[in-house]
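S.K.: sequence and predicted model, in that order:
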Amino acid sequence: MTTLYLDPFSGLSGNMLLGVLFDLGLDFDQFQAELKKLNVTGYRLTLEKAKRSAIGGQLFGIELEDTHHHADESLTAQEIAEHEHAHEHGDAHEHEHHHHDHDDAHEHHHDHETDHVHAHHHHHHGRNLAEIQTIINHADLKPSIKDQALGVFNEIAQAEAHVHQLSLDEIHFHEVGALDSIVDIVGFFVGLDLMGIDNIISGTLVDGTGTIEVAHGTMPVPVPAVMQMRQNSEVPVQQRTDIHTELVTPTGFAIAKLAFNAFGPIPDNLQVKRVGYGFGTRETGHLNALRGLLLTPLASQKEVHSTSDEVVEIHANVDDQPGEGLGYAMEQLMAAGAYDAYFTPIFMKKNRPAYQVTVITTSGQLTAMVDLLMTHTTTFGVRWVTMKRATLPRTFKTVTTQYGDVTLKIGNRGTQSKVTVEYDSAAALADRHHISLDQVRHAALLAYENELG
Ligand SMILES: O=C([S-])c1cc(C(=O)S)c[n+]([C@@H]2O[C@H](COP(=O)(O)O)[C@@H](O)[C@H]2O)c1
Ligand code: NI
């Protein structure tokens with residue numbers, strides 16, 4: 001299980017999110033190969049190692065090519081959309097397309113093996129939601145990646161439609177062209193998938209103040225689409241009044257709103273595996289970067305245990321939520337780094353059978369866990385207590401048995417010690433050799449005693 005922790009101290013944008021994934025080890029070639037599955041041409045991806053404020057990181061960018069002068073065999077997004085349109089009107093219409101008079105300058109030729117339609121061209125400024133949905137739906141990508149990307153596009157389009165008082169199909173993706181939004185948004189979910197990231201935690205998003213100039217004129221910061229998406233959202237945003245430009249873009253905010261699992265400080269019970277920086281392109285007068293961490297559960301060998309410390313136990317009593325939702329809440333709590341989370345059957349007022357949800361966590365994680373309980377359970381309130389905790393200092397040792405290597409956990413108490421066989425390593429061997437867990441345990445403890453002499 002890998003968690004991505006993001007520190008958006010200088011905002012969040014599509015290219016910063018991808019820059020950070022590349023700096024954390026995402027393979028550029030593999031990424032490009034996946035994006036080809038979108039069947040869209042007319043762009044070139046750039047990735048540069050760069051230094052800002054003497055810190056090394058990656059600058060990711062998209063260069064748009066003039067698709068009208070491209071004799072490529074893949075379809076442009078516009079053509080795919082028109083293909084779809086043709087299907088909606090049945091095959092007869094498709095033939096009509098073939099026999100239409102084309103403006104020679106705009107004629108494209110395609111490989112008929114791919115069974116794509118030859119479509120006419122209109123001059124397009126940006127692409128609308130329906131065209132983007134068609135491109136994504138036609139791509140040979142995992143359904144989960146497509147669903148997440150479609151969700152983000154829908155979120156942005158809804159916000160833009162509201163701000164500009166236009167209908168959803170009148171919304172065209174920003175002046176820079178929809179292509180870079182497609183690459184940023186689909187690319188982010190492709191990157192997460194390639195890197196095996198299944199949980200994203202973020203600190204508070206920092207945005208600037210003042211105004212920026214875009215094609216349509218002056219926009220206040222936070223930009224209107226971001227402000228619109230903030231309506232009814234729980235994404236925390238802090239405004240820096242000393243930075244007079246946009247730090248959080250609509251793409252960045254929509255991804256945070258839909259794809260981040262929790263907000264809060266860096267969990268102190270996970271181990272930092274890698275640190276990366278993705279740079280932004282705006283001149284902010286300060287370091288314009290997004291820092292990312294790859295976090296994994298503490299490697300047991302290095303587990304640091306003080307003999308006494310504090311934990312927080314949080315309780316929520318729930319009498320009106322179906323099991324599926326409660327199970328999902330539990331997954332979210334564990335993924336966010338709870339030490340433990342469990343249900344206890346209880347009886348509440350009015351004779352209602354119910355569950356008490358208990359979460360054990362650190363005081364640093366309290367806010368994030370309360371947030372998750374409020375989001376994913378039906379509860380209107382939670383309680384918590386801080387508790388003292390004592391744990392045995394422990395070491396880990398690997399012993400070799402006739403079945404393979406097994407890890408033992410050894411707790412030390414003065415001159416005495418307590419030995420347990422780590423479940424996962426024993427279960428793997430029991431599985432492999434089709435024997436009982438107890439047989440592996442016995443063999444491991446015997447090997448340990450033999451080593452002690
Ligand atoms: O061009 C338009 S309509 C436009 C609207 C808005 C609104 O907030 S509404 C914002 N912008 C700015 O365009 C760039 C590109 O944003 P991406 O999310 O596509 O990267 C960015 O600076 C927006 O704030 C344009
Ligand atoms: Ni807009």
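M.R.: Great, that's in hand. Ligands and ions are numbered 1, 2, ... in the order given.

S.K.: relative to ligand 1, how far out is the closest residue to Ile62 other than its chain neighbours?
M.R.: Counting by CB to CB, 6 or more residues apart in numbering, Ile62 lies nearest to Asp180, which is 4.3 Å off, once chain neighbours are set aside. For the C-beta atoms, the positions are set from N, CA and C on the backbone; glycine is no exception. Applying CB to the nearest ligand atom, to the nearest Å, the value for Asp180 to ligand 1 is 7 Å.

S.K.: does Asp180 touch Phe60 like I think?
M.R.: No - Asp180 lies out of contact with Phe60 (CB atoms under 8 Å); the separation is 10.4 Å.

S.K.: between these two, point out the one with more neighbours.
M.R.: Phe60 (27 against 21; other CB atoms under 10 Å).

S.K.: that one: what's it in contact with?
M.R.: For Phe60, the contact set (CB atoms under 8 Å, 6 or more residues apart in numbering) comprises Asn15, Leu18, Gly19, Phe22, Leu45, Thr46, Leu47, Gly278.

S.K.: am I right that it is in a strand?
M.R.: Yes - secondary structure of Phe60 (DSSP: H, G, I helix; E, B strand; the rest coil): part of a strand.

S.K.: tell me which helix or strand the residue of the stretch 301-450 of the chain found nearest ligand 1 sits in.
M.R.: Ligand 1 sits closest to Thr375 of the stretch 301-450 of the chain, with a gap of 24.9 Å, by CB to the nearest ligand atom. Assigned by DSSP states H and E, Thr375 belongs to helix 366-376.

S.K.: cool, and Gly57?
M.R.: Going by DSSP H and E, Gly57 is part of strand 55-64.

S.K.: tell me the secondary structure for the residue nearest to Ile62?
M.R.: Looking at Asp180 with three-state DSSP, the answer is helix.

S.K.: which SSE is immediately downstream of the lowest-mean-pLDDT helix or strand in the chain?
M.R.: Least confident helix or strand, the chain: helix 91-99 with a mean of 35, by mean pLDDT, DSSP states H and E. Following helix 91-99 in sequence order, the next helix or strand is helix 129-138 (DSSP H and E).

S.K.: anything in stretch 151-158 near ligand 1?
M.R.: No - Stretch 151-158 does not reach ligand 1 (CB under 6 Å from any ligand atom); its nearest approach is 6.9 Å.

S.K.: so how far is that stretch from its chain's centroid?
M.R.: In terms of CA atoms, centre = their mean, to the nearest Å, the centre of stretch 151-158 is found 16 Å from the chain centre.

S.K.: and what of stretch 222-233?
M.R.: So, by CA atoms, centre = their mean, the centroid of stretch 222-233 is 20 Å from its chain's centroid.

S.K.: stretch 415-429 too?
M.R.: With CA atoms, centre = their mean, you get 35 Å for stretch 415-429.

S.K.: in that stretch, what's buried?
M.R.: Val421, Glu422, Ser425, Ala426, Leu429 (16 or more other CB atoms under 10 Å).

S.K.: let's see which of those end up in strands.
M.R.: Val421 (DSSP state E).

S.K.: ok, and of the buried residues of stretch 415-429, which contact ligand 1?
M.R.: Within these, nothing lies near ligand 1 by CB under 6 Å from any ligand atom.

S.K.: which one in the buried residues of stretch 415-429 is the model shakiest on?
M.R.: On pLDDT alone, Ser425 ranks lowest of these, at 88.

S.K.: not counting sequence-adjacent ones, nearest residue to it?
M.R.: Using CB to CB, 6+ apart, the closest residue to Ser425 is Thr407 (4.4 Å).

S.K.: name the residues of the helix or strand where Arg441 lies that are buried.
M.R.: Taking DSSP H and E as the criterion, Arg441 maps to helix 437-452. Buried residues in helix 437-452, counting neighbours by 16+ other CB under 10 Å, are found at Gln439, Val440, Arg441, Ala443, Ala444, Leu445, Ala447, Tyr448.

S.K.: returning to what we had before: now the buried residues of stretch 415-429 in a markdown table, with distance to Thr395?
M.R.: Output for the buried residues of stretch 415-429, formatted as a markdown table (distance: CB to CB, whole Å):
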| residue | distance to Thr395 |
| --- | --- |
| Val421 | 14 |
| Glu422 | 12 |
| Ser425 | 15 |
| Ala426 | 18 |
| Leu429 | 21 |
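
S.K.: okay, among the buried residues of stretch 415-429, which ones form the most distant pair?
M.R.: Pairwise distances across the buried residues of stretch 415-429 peak at 11.1 Å for Glu422 and Leu429 (criterion: CB to CB).

S.K.: overlap in contacts of the two?
M.R.: Val406.

S.K.: tell me what Met219 is bridged to.
M.R.: Ile212 (DSSP bridges).

S.K.: and it, how many neighbours?
M.R.: Counted with other CB under 10 Å, Met219 comes out at 17.

S.K.: quick one: pLDDT of it?
M.R.: For Met219, pLDDT reads 96.

S.K.: then the one 5 residues further on?
M.R.: Among the per-residue scores, Pro224 holds a pLDDT of 97.

S.K.: that one: what's it in contact with?
M.R.: Ala159, Val163 are the contacts of Pro224 under CB under 8 Å, 6+ apart.
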